[in-house]
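Participant: I'd like to go over a predicted model; first the sequence, then the structure.
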Amino acid sequence: MLFDHATNDWRDVIPCINLPTLVVGGKISLVGWKSQQWIGSQIPGARVEIFEEAEGGNHFMFMENPEKFNRIVKEFMG
């Protein structure tokens, strides 16, 4: 499944998402934060949160800064 995900171009699918979406990224993540901003810009009404390096903005924000991550998710979920 990871191979399939990593080797496909999803750019044409992302704008078809029509559910509330929270996109979370980190400034020093292996996955570039600008790509996460782009994803959020392609999904109508998406919310994008980018963690700074000092906030635990690597790849596992839910472990590096669980307080902020959980707060963001809780706010998003209502």
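Facilitator: Cool, the structure landed.
Participant: switch to C-alpha atoms for all contacts and neighbour counts from now on
Facilitator: Will do.
Participant: Next, count neighbours for G78.
Facilitator: The tally of other residues near G78 (other CA atoms under 10 Å) stands at 6.
Participant: quick one: pLDDT of it?
Facilitator: Predicted confidence (pLDDT) for G78: 92.
Participant: Report the contact partners of G45.
Facilitator: G45 makes contacts with 20-21, as judged by CA atoms under 8 Å, 6 or more residues apart in numbering.
Participant: And the contacts of the longest helix seen in the chain?
Facilitator: The single longest helix within the chain, with elements called by DSSP state H, is helix 66-77. Identification of contacts with helix 66-77 by CA under 8 Å, 6+ apart yields 22, 61-62.
Participant: By neighbour count, which of those wins?
Facilitator: The most crowded member of the contacts of helix 66-77, judged by other CA under 10 Å, is M61 (21 neighbours).
Participant: Now it: closest residue in space, sequence neighbours ignored.
Facilitator: F69 (6.5 Å; CA to CA, 6 or more residues apart in numbering).
Participant: Now do the buried residues in the longest helix of the chain.
Facilitator: In terms of neighbour count (16 or more other CA atoms under 10 Å), helix 66-77 has its buried residues at 69, 72.
Participant: How far off centre is it?
Facilitator: 13 Å (CA atoms, centre = their mean, to the nearest Å).
Participant: What is the least confident helix or strand in this protein?
Facilitator: For the chain, counting by mean pLDDT, DSSP states H and E, helix 2-6 ranks last in confidence among helices and strands (a mean of 84).
Participant: Grab the nearest non-local neighbour of G26.
Facilitator: Spatial nearest neighbour of G26, excluding adjacent residues (CA to CA, 6+ apart): G57 at 3.8 Å.
Participant: so who does the one you found touch?
Facilitator: 25-29, 50-51, 64.
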